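Peer 1: turn this into a model:
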Amino acid sequence: MADDVRELLLSTTADADPSTPLSAPDLRLLIDRLRLRSDRLHASALSFAASHRGALASALLRAASASGSSAALESSLAAALSPLSASPDLSDLKVLGDRLLAARRELAERHEHLAAASSVASLAARLREARAAANPLDTAAAAAELKPLLVDPERSGQDDPVVFGLLRSDWEQLVDELQVGLAKNVEECVEFALEGGKVVVRAAPSGRSSGTRGVSGTRGVELPMALQALEMIDALDYGMAKVADLMMKHVLVPAISNISVAVSVEVLEEGGPERSVSVLSIVPSEEKDNKDGSNLYSRITDILKFACKFICFENSKWVQSFAKLTWLRISDLVITHFLSKAVPNEASKLIEFQDIVRSTAEFENKLRSMMFISPDRKDDNLTQFVDDVEVHFAVRKRSEILVTARDILVQYNYDNPLESNDRDDSVVDLLFQPEKCFVSKSALQLMKLVHGALKSRMHVYHPQELQRSSAMLPGMSYSCIRLLCQFS
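Peer 2: Next up, the predicted model:
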């Protein structure tokens, strides 16, 4: 403002000296100019207030609210400090602070208890809804959602409130009842003939079954729905276990152990395609198994295709669960009834075993394409066995030779070789001594047996196979020599 007055003075007086006294006309002119400028400023302020009326009103309201809050805070502080006004002792302030902290802790605990009670009520309501659900899929989905809330694998549950333990027990009972009922439902959909060799798969249990009445109140659900519900509660292996055992007992064992059987598959539509009935039978056949096992592998493949299509519905997880329960036993049966018997007795016939190696590899490749065994070849039990055929041959040969050696040593007496007509055969030239010694007839036959075994290993054609089988034969020769020393 002082700068504006100085500017007006300079513009009013012709004299540049600001200390020169003003005349009356100059003063009147200065007053007029000040009044004119004041009017302009007032008009500008009114115009700005009119154009920004909303913003100014909001600012004034906020200022009034802040003023009211400050007054309320001042009143609260005065009320809190009023007990100290009568006494100058500062210990009362500490007591008051402790009371405030205790009140805050109590309030926080009550909030926690209220939240816990609300959670318990919510979990209990969800459990009741799960039990009352008419669809087993809804029950299984609810049980799966409640599992992470009630079951913590990293905690033992000993520090949890009793009510959570009761809810957890209720959930476990629900899951047990559900998986037992669904497993029973699966068993009723897959029926096996008492005489064996036949399995009947229905899309839903027959009218005679009671289904999963204990959990959801239904009279039984379709097979895929039951398997899906079992998968939701991580009980698929439990639901598949009995079906897999019965499939092994009534279908796979007869198909593998018998050489004159065939597989027959029939699909019957009873009441429409959705109510189809699939039947697999093991029937007698005049066709014998091939030496390479192709007929045997074809029967097993047909059975597993039937299981994957009509029991597992070509669902990869269901197929893998069924395979986990059956494949190890299937491979053991194939090894016992076919591959171990097909191991050659002579080294010259090992090359003929390659047909079995090829058919076995093709069989496991088919199972791999069906997702029945893992693609990383860790389940290639049969291929691993046939690849080690030279080792199996050497083990069998060693056992046969040891049995023959024991028979030789037991049957023959150690007579004086001088009385034998085969004296020349009993004379042995020593390597580092000029003298000669005589051996018994049994010892001579034993040495010939060992020599023949060592020569037979040279009939193995591949260098790698020769190295693997040769590793077994020195132990066999050493065992024969130990037998000779024991009987000498």
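Peer 1: which stretches in the stretch 201-350 of the chain count as helices?
Peer 2: With DSSP state H, counting those that start in this stretch applied, the stretch 201-350 of the chain shows helices at 213-216, 223-232, 236-247, 253-257, 294-306, 316-334, 340-342, listed in chain order.
Peer 1: how about these in a markdown table, adding distance to Leu382 and mean neighbour count?
Peer 2: Using the backbone N, CA and C atoms, a C-beta is placed for each residue, glycine as well. Listed next are those as a markdown table, based on distance: least, Cβ to Cβ, whole Å; neighbours: other Cβ atoms under 10 Å:
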| stretch | distance to Leu382 | mean neighbour count |
| --- | --- | --- |
| helix 213-216 | 41 | 18 |
| helix 223-232 | 28 | 22 |
| helix 236-247 | 19 | 20 |
| helix 253-257 | 12 | 18 |
| helix 294-306 | 9 | 20 |
| helix 316-334 | 6 | 18 |
| helix 340-342 | 11 | 13 |
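Peer 1: now those helices in JSON lines, with mean pLDDT?
Peer 2: As requested, these are exported to JSON lines (pLDDT from 0 to 100):
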{"stretch": "helix 213-216", "mean pLDDT": "52"}
{"stretch": "helix 223-232", "mean pLDDT": "92"}
{"stretch": "helix 236-247", "mean pLDDT": "95"}
{"stretch": "helix 253-257", "mean pLDDT": "93"}
{"stretch": "helix 294-306", "mean pLDDT": "94"}
{"stretch": "helix 316-334", "mean pLDDT": "95"}
{"stretch": "helix 340-342", "mean pLDDT": "87"}
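Peer 1: out of those helices, which gets nearest to Ser38?
Peer 2: Ser38 lies closest to helix 223-232 among those, at 84.3 Å (Cβ to Cβ).
Peer 1: which one of the helices of the stretch 201-350 of the chain lies nearest to Ala405?
Peer 2: helix 340-342 (23.2 Å).
Peer 1: tell me the domain boundaries of this structure?
Peer 2: 177-387, 392-487 (automatic domain parsing).
Peer 1: quick one: which of the helices of the stretch 201-350 of the chain is nearest Pro205?
Peer 2: So among the helices of the stretch 201-350 of the chain, helix 223-232 is nearest, using Cβ to Cβ, at 8.4 Å.
Peer 1: could you say what helices and strands that closest one packs with?
Peer 2: When contacts are defined as 3 or more Cβ pairs under 8 Å, 6 or more residues apart in numbering; DSSP states H and E, helix 223-232 sits against helix 136-150, helix 162-189, helix 236-247, helix 316-334.
Peer 1: can you give the distance of that helix from its chain's centre?
Peer 2: Put simply, helix 223-232 sits 17 Å off its chain's centre (Cα atoms, centre = their mean, to the nearest Å).
Peer 1: what's the angle from it to helix 316-334?
Peer 2: 90 degrees (axes from the mean of the first three to the mean of the last three Cα atoms, to 10 degrees).
Peer 1: what does helix 223-232 rub up against?
Peer 2: Helix 223-232 is contacted from outside by 136-137, 139-141, 143-144, 178-179, 182-183, 185-186, 189-190, 201-204, 212, 221, 236, 238-240, 311-313, 315, 317-318, using Cβ atoms under 8 Å, 6 or more residues apart in numbering.
Peer 1: related to what we said a few turns ago, any idea which of the domains of the chain is most buried?
Peer 2: domain 177-387 (a mean of 17; mean count of other Cβ atoms under 10 Å).
Peer 1: looking at the helices and strands packed on helix 223-232, which is nearest to Val120?
Peer 2: That would be helix 162-189 among the helices and strands packed on helix 223-232, by Cβ to Cβ, at 5.3 Å.
Peer 1: could you tell me the angle between the closest one and helix 223-232?
Peer 2: Using the same axes, to 10 degrees: helix 162-189 against helix 223-232 is 150 degrees.
Peer 1: now the element after helix 162-189, going C-ward?
Peer 2: Sequence-wise, the next helix or strand downstream of helix 162-189 (DSSP states H and E) is strand 190-192.
Peer 1: which strands or helices does that next one pack on?
Peer 2: Secondary elements touching strand 190-192 (3+ Cβ pairs under 8 Å, 6+ apart): strand 198-202, helix 236-247.
Peer 1: what lines up beside that strand in the sheet?
Peer 2: strand 198-202 (antiparallel) (DSSP bridges).
Peer 1: return the distance of the strand it pairs with from the chain's centre.
Peer 2: Taking Cα atoms, centre = their mean, one finds strand 198-202 lying 30 Å from the centre of the chain it belongs to.
Peer 1: mean pLDDT per helix and strand in this protein: which one sits at the bottom?
Peer 2: helix 463-470 (a mean of 46; mean pLDDT, DSSP states H and E).
Peer 1: gap between stretch 298-314 and the chain center?
Peer 2: 23 Å.
Peer 1: hmm, who's touching that stretch?
Peer 2: Under Cβ under 8 Å, 6+ apart, the answer for stretch 298-314 is 190, 201, 223-224, 227, 243, 247, 251-252, 255-256, 261-263, 265, 278, 280, 318-319, 321-322, 330, 334, 363, 366-367, 370, 372.
Peer 1: mind pulling the model confidence for Gly211?
Peer 2: For Gly211, the pLDDT comes out at 45.
Peer 1: can I get stretch 387-397 as PDB, trimmed to CA atoms?
Peer 2: Output of stretch 387-397 as PDB, limited to C-alpha atoms (Å, rounded to 0.1, in the frame of the first residue of the first chain):
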ATOM      1  CA  ASP A 387      17.000-104.200 -21.000                       C
ATOM      2  CA  ASP A 388      18.700-106.200 -18.200                       C
ATOM      3  CA  VAL A 389      18.000-109.600 -19.900                       C
ATOM      4  CA  GLU A 390      21.800-110.400 -20.000                       C
ATOM      5  CA  VAL A 391      22.000-110.000 -16.300                       C
ATOM      6  CA  HIS A 392      18.900-112.200 -15.800                       C
ATOM      7  CA  PHE A 393      20.400-114.800 -18.100                       C
ATOM      8  CA  ALA A 394      23.700-114.700 -16.200                       C
ATOM      9  CA  VAL A 395      22.000-115.100 -12.900                       C
ATOM     10  CA  ARG A 396      19.900-118.000 -14.100                       C
ATOM     11  CA  LYS A 397      23.000-119.600 -15.700                       C
END
